[in-house]
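S.K.: Next come a sequence and a model predicted from it.
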Amino acid sequence: MTNVCFDLKDLNGYTAAAHRLVKLTPRDPDVQYGLIAGYLSTSKPALAHRQARRFVELFPDDARAGDASNLARDIQPMLEQAVSGMGLSAPADMDFLCVHEEVQIFMDDGGYGQARHLAESLLRTRPTFVPALNNLSLMEYAQGNLDRAIGTAQRALTVDRDNYHALSNVARYLCLRGNLNEAQRAAARLKLLSQNPKFHTVDFATKTAEALSYLGDDEGVLAVAALAEAHAKDVAVENAFLLHLTAVATMRLGDEATAKTLWKQALHIQPGLTLAQENVDDLRKPKGERNAPFPYSITYWLSEPMLVAVRAEVQTVAQRGDDDSMARAMRRLFRKHPALEKLVPMLLDRGDAGTRELGLLLAKATKTPALLEALRDFTLSNRGTDSQRMAAGQTAREAGLLGAKVRLWVAGEQQELLLMGFQIHREPSDYGHPAAVQDLAQDAVIAMRENDLDEAETLLEEALRHEPDAPDLQMNLSRIYEARGNLERADAMMRDIHRRHPDYFFGRIGMARLYIRMGQLDEARLLLNPLLEMTRIHVSEFASLAVAEGELHLARNEPEGARRWLNMLEEVDPDNPVVGYLKSRLLDEKRVGKLKKRLFGRM
């Protein structure tokens, strides 16, 4: 682990692993010497000083002993500065400072039990030692104790009201609890501190940008980063993380090229910075399939206990595929973790792929007024993927928060689209036929599925003798003529059905498809548009509509539109035979496109 972290330039990981390794191999001079560099590179001067002196004591004959001795001497000014900055004195408080730095190492390594024990021992000695209070508040949050985390950070601020670590933590915790107004006030205090030249450091900029990124304050992130770049003299390990947060804010404000450059710089400094790498990888996808830019992954938004609770609830009901059970489970989560509902808008706006999917699941399952508004806002934004925004939009449309025609971002550009808000059901269709006619109609459908067209025709003609004006019976008979290739008769029947029953769903679909075959695309669109305004639709109606819409998009040379309808149909009714029909039409279109390019080149 030490070697891997070294190769990745993960200095905190390297130091934590080497700190453990040196206890297992105390007589290994390479490990002992390497740990000096680890402590130095992660701003732990007390431990670095102690480790350099220890190396000289353990290995006086080692060729590096002289260098270690010189390092101990050179570290002394840095150590004295650190001691005075914390209100301690040298050399009396060296052991105290070493314990404080060990707390940070254990925290970096996830050893919260050991870190808590040491931090509490420091506070027993000095109850107002702010760095220990800050570390303890971070541990409280990591272990799911959000209220105690806030209380501990505020306790630190009563000692030092301008402590930017505590202010940043308070802003973040309040944001994650959903207290946005209070979080904004804490963030405003951070911004006010940035006007003081003594805070023009990389460490201050990083802690401030961290809090502002949770709040979505992109301009604020860029402003504090610019101050650090202009005035900071120190080069802290957090610099890579600051570059990452600056890249996110830069791209959210529309400058993708500069953001990519910043991520490249961050990964050069720290190749193991996963968040930066995930953004870079995501940007390689087509524009409509990206989640970047995002500052944090799900583990930054939800503490480990809350994440465990969410996974447990979701996994319990996911296998059932039952919307009501999922809704009850998500409401149960909100009761146990009230902050979760307030987090959803932030998850949708600033999350990575998994984070946004969780936000969508929570909002779509519970449909509270606030979350429906969050879905509407997300739909109209350029955040997330096209499919995520479409899914959000369909739910917002069903709730009446969006019209059928809206301007949405698709493949990186705004387009005016018709947004469906269907509630798709599978209840049996009831055309009000007498029992005898209903039996004939059902038997005819079965015969059609078995391709026994003669039997189906006989059954339908018998049914029509009882109900000569029934549009569903006439529609199925016209399909038999179409299947036999008798298009003239089939088309004549279709026109007659639509003339006498203009509101009959399948008649309208059939007439629209007839217009498409004839090249009268505007007439077809006029027939289909009212169907897109429906809020409740049978699965068979949806399949027919998907076919007609797919054919219309293909006729208009819009294969992406046809593909969207195919994707929706596959999600709703994957075993429907028309799925294969639409796939074959799209494949044919692709082949024709390739042939045109071969014959005529790119036009």
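M.R.: Thanks, I have it. Small disclaimer: the values here were computed from a predicted structure and weren't measured.
S.K.: contacts, neighbours, all on C-alpha from now
M.R.: Will do.
S.K.: in this protein, what spans have low per-residue confidence?
M.R.: 90, 232-238, 318-322, 418-422, 590-603 (pLDDT under 70).
S.K.: Would you mind measuring from residue 107 to residue 256?
M.R.: Relative to residue 256, residue 107 is positioned 34 Å away (CA to CA, to the nearest Å).
S.K.: Between the two, point out the one with more neighbours.
M.R.: Counted by other CA atoms under 10 Å, residue 107 and residue 256 do not tie: residue 107 has more neighbours, with 20 against 16.
S.K.: How about the secondary structure of that one?
M.R.: Taken by DSSP: H, G, I helix; E, B strand; the rest coil, the conformation at residue 107 corresponds to helix.
S.K.: need the contact list for the closest residue to it other than its chain neighbours.
M.R.: Spatial nearest neighbour of residue 107, chain neighbours left out: residue 115 (6.0 Å); criterion: CA to CA, 6 or more residues apart in numbering. Residue 115 is in contact with 102, 103, 104, 106, 107, counting by CA atoms under 8 Å, 6 or more residues apart in numbering.
S.K.: Check residue 96 too.
M.R.: Contacts of residue 96 by CA under 8 Å, 6+ apart are residue 122.
S.K.: How far off centre is the helix or strand harbouring it?
M.R.: If you go by DSSP states H and E, residue 96 is part of helix 94-108. Helix 94-108 sits 35 Å away from the centroid of its parent chain (CA atoms, centre = their mean, to the nearest Å).
S.K.: which element follows that helix toward the C-terminus?
M.R.: helix 112-125.
S.K.: Name the residues that touch the helix or strand encompassing residue 153?
M.R.: Residue 153 is part of helix 146-159 when elements are defined by DSSP H and E. Residues from elsewhere that reach helix 146-159, judged by CA under 8 Å, 6+ apart: 128, 130, 133-134, 136-141, 163, 166-167, 169-170, 173-174, 177.
S.K.: how about the closest residue to residue 167 other than its chain neighbours, what does it touch?
M.R.: Leaving aside its chain neighbours, residue 167 sits nearest to residue 186 (6.1 Å; criterion: CA to CA, 6+ apart). For residue 186, the contacting residues are 167, 168, 170, 171, by CA under 8 Å, 6+ apart.
S.K.: Kindly report the same for residue 40.
M.R.: Neighbour list for residue 40: residue 48 [criterion: CA under 8 Å, 6+ apart].
S.K.: Please apply the same query to residue 329.
M.R.: By CA under 8 Å, 6+ apart, the neighbours of residue 329 are 313, 314, 317.
S.K.: would you turn these into JSON lines with neighbour count?
M.R.: Listed next are those as JSON lines, based on neighbours: other CA atoms under 10 Å:
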{"residue": "313", "neighbour count": "16"}
{"residue": "314", "neighbour count": "18"}
{"residue": "317", "neighbour count": "17"}
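S.K.: Just the ones of the residues you listed in strands?
M.R.: Per DSSP state E, strands hold no members of the contacts of residue 329.
S.K.: which one of those is nearest residue 247?
M.R.: Nearest to residue 247 among those is residue 314, at 33.1 Å by CA to CA.
S.K.: How much space separates the closest one from residue 327?
M.R.: To residue 327, residue 314 is 10 Å away according to CA to CA.
S.K.: thinking again about what came up before, with distance to residue 119 added, can I get the contacts of residue 329 in a markdown table?
M.R.: Putting those into a markdown table (distance: CA to CA, whole Å) gives the following:
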| residue | distance to residue 119 |
| --- | --- |
| 313 | 34 |
| 314 | 36 |
| 317 | 41 |
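S.K.: Sort out for me which of those are in helices.
M.R.: With helices taken from DSSP state H, the overlap with those comprises 313, 314, 317.
S.K.: which secondary structure element contains the spatially most distant residue from the centre of the chain?
M.R.: Going by CA atoms, centre = their mean, the residue of the chain most distant from its centre is residue 465, 58.8 Å out. Assigned by DSSP H and E, residue 465 belongs to helix 453-466.
S.K.: CA atoms of that helix as CSV?
M.R.: Output of helix 453-466 as CSV, limited to C-alpha atoms (Å, rounded to 0.1, in the frame of the first residue of the first chain):
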residue,chain,number,x,y,z
LEU,A,453,-55.5,-15.0,-41.1
ASP,A,454,-58.4,-17.0,-42.7
GLU,A,455,-59.7,-18.1,-39.3
ALA,A,456,-59.2,-14.6,-37.9
GLU,A,457,-61.1,-13.0,-40.8
THR,A,458,-64.0,-15.5,-40.4
LEU,A,459,-64.3,-14.7,-36.7
LEU,A,460,-64.2,-10.9,-37.2
GLU,A,461,-66.8,-11.0,-40.0
GLU,A,462,-69.1,-13.0,-37.7
ALA,A,463,-68.6,-10.5,-34.9
LEU,A,464,-69.2,-7.5,-37.2
ARG,A,465,-72.6,-9.0,-38.2
HIS,A,466,-73.6,-8.4,-34.6
